[in-house]
Structures are given as structure tokens and as C-alpha cells.
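K.L.:
Next one to model:
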Amino acid sequence: MEIILLERVEKLGQMGDVVKVKPGYARNFLLPQGKALRANKNNLERFETEKAQREADNLSRRSEAETEAGKMDGLAVSMVRAASEMGQLFGSVTSRDIAEAVTEAGFTITRNQVVMEKAIKTLGLHDTRLRLHPEVSVTVTVNVARSLDEAKTQLETGVAVTGMIDDDDDDMDAGYEAEAAAEAAPADEAATEEAASEEAPAEEAPAEEAAAEDGDEA
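P.N.:
Model (predicted):
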């Protein structure tokens, strides 16, 4: 199906472009959301008539979005979720959850403005893009932790709490290994000396002493 884009659509085209898309994509998304018109003679003429006004409206909305993006720069929203010791969530954080958290932080967005390939299913800091306008996006940090204290620690360190636990465990393991090696060293040395003494041959008597002993016997 051929359509006329009424605004920039990511990976598709700019305002005014006539492009081909799958009928389902057009009917279920682009047309009902006012992002496009069917590319027929009447709509092409209509777009040309309204083009100047649409471009002016787009510039105004883009300017507002850029201002909003500036205010949201560096924004981090924290979410407390139950999770395993390995950091896997018992559930997930969805685009709806993020939209609600950002709105609670003072910025009104909808779930459709949250750009996610898949839901978040692990603890940690997750950079997430918000599309404020077809030509303006901003990245916010979604901080998922098991408690507000853990969320604070993650923000301060920039590392997921589970990763910090793993590092501590590695340090402890290294310490235990060093202590075990130190304790084993003296025992190994003693065993080596004992083995050496058992394997060493008895000293032979000098030749002259041996000859003298033979003479005495004669």
C-alpha cells in the first residue's frame, strides 16, 4: 500500500514522502495514529494545500520537544522489583512501567513513546530511549533494584548490585586460595626434603680405607 507520511517515521521516511508499506502496518498503526494518508489523488492535493501549515506546526512541536528533552537530560527513575540473587527479576519492567515512572518524575509521556526492543528482566542500570517527537529523542536511565538503598548504591557506583557481590566473592575466593597456598608451602617443602634424604645413596668409603680393611681380614 502507498501512503503519504504526515510526519517523520523512523526507518520509513520524512514528512511528505510517498512510501510503500504493508497494508496491516498502515491500517493498524500509521493511518489511525494520523501519521499518514493513503496516497491517492485527493490526498496528494490535500497534503500540498496543507503542507506549509503542517511544516509550521511540526517546527513548533519539535521546539517544545527539544526544550523538554533538555529538562530530562540525565534523568534516572528507580524501580524496586523482587529478584533472585543472580539479578533475574521475578517478572519484568515494561514500557508502561517506565512511562508511569517518568510521568511521576514530572514529565508526561505515554508508553508508545518508550522505545524498547524487549522488556527489562534484570537488575541494574538500563539506558532507555524516549521519543518525544518524530525528530527528537532523549535517553533516560531506568534503575532497577531490590530496594531503594540498592538503587542508590547502583546510581552512585554505576554498577549493578549483583555485579558488586560477584566482585566481592571473587576477592574472597582469591584470599582463601592465597591462604591455602601459604599453609601448604611448608608441608610441601618438608615432604620434598624427606624424599630427597630417602633417595640419596649411602656415601662410599674411600678406596684406601677399603683396601686397608681387606688387608686386615687377610
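
K.L.:
mean confidence score for stretch 131-142?
P.N.:
Averaged over stretch 131-142, pLDDT sits at 97.

K.L.:
before we move on, what about stretch 91-110?
P.N.:
96.

K.L.:
Stretch 8-19 too?
P.N.:
94.

K.L.:
give me the low-pLDDT residue ranges for this structure?
P.N.:
For the chain, applying pLDDT under 70 flags the ranges 163-218.

K.L.:
In the beta-sheet assignment, what are the partners of the residue nearest the centre of it?
P.N.:
Central residue of the chain (Cα atoms, centre = their mean): H126, 5.4 Å from the mean position. In this entry, H126 is beta-bridged to V142, by DSSP bridges.

K.L.:
can I assume it is in contact with T139?
P.N.:
No - using Cβ atoms under 8 Å, H126 is not in contact with T139; the gap is 10.3 Å. In short, each C-beta sits where N, CA and C put it, glycine included.

K.L.:
returning to that earlier point: what about the residue nearest to the centre of the chain, distance to E68?
P.N.:
Distance of H126 to E68, computed by Cβ to Cβ, to the nearest Å: 21 Å.

K.L.:
returning to that earlier point: how about the contacts made by the residue nearest to the centre of the chain?
P.N.:
By Cβ atoms under 8 Å, 6 or more residues apart in numbering, H126 lies in contact with V93, I120, T141, V142, N143, V144.

K.L.:
Which two among these are spaced furthest apart?
P.N.:
V93 and T141 (12.4 Å; Cβ to Cβ).

K.L.:
Compare these two (neighbour count), which wins?
P.N.:
Under the criterion of other Cβ atoms under 10 Å, the comparison of V93 against T141 puts V93 first, with 20 against 16.

K.L.:
Any idea what that one is bridged to?
P.N.:
As assigned using DSSP bridges, the partners bridged with V93 are I120.

K.L.:
Contacts only, for it.
P.N.:
Applying Cβ under 8 Å, 6+ apart, the residues contacting V93 are M79, R81, A119, I120, K121, H126, V142, V144.

K.L.:
ok, and for stretch 92-104, which residues are buried?
P.N.:
Residues of stretch 92-104 classed as buried: V93, S95, D97, I98, A99, A101, V102 (neighbour count, 16 or more other Cβ atoms under 10 Å).

K.L.:
follow-up on the earlier one: go through the contacts of H126 and name the one nearest E7.
P.N.:
Among the contacts of H126, V142 lies closest to E7 (Cβ to Cβ), at 26.7 Å.

K.L.:
Now do A151 against I98, distance only.
P.N.:
Counting by Cβ to Cβ, the gap from A151 to I98 is 15 Å.

K.L.:
cool, L5 as well?
P.N.:
From L5 across to I98, the span is 27 Å (Cβ to Cβ).

K.L.:
How is this structure divided into domains?
P.N.:
For the chain, the structural domains run 2-70, 76-165, going by automatic domain parsing.

K.L.:
which of those domains sits most buried?
P.N.:
With neighbours defined as mean count of other Cβ atoms under 10 Å, the domains of the chain peak in mean count at domain 76-165, which reaches a mean of 16.

K.L.:
how far out from the middle of the chain is that one?
P.N.:
On the basis of Cα atoms, centre = their mean, to the nearest Å, domain 76-165 sits 10 Å off its chain's mean C-alpha point.

K.L.:
quick one: A65 and I109 touch, right?
P.N.:
No - using Cβ under 8 Å, A65 is not in contact with I109, being 10.7 Å away.
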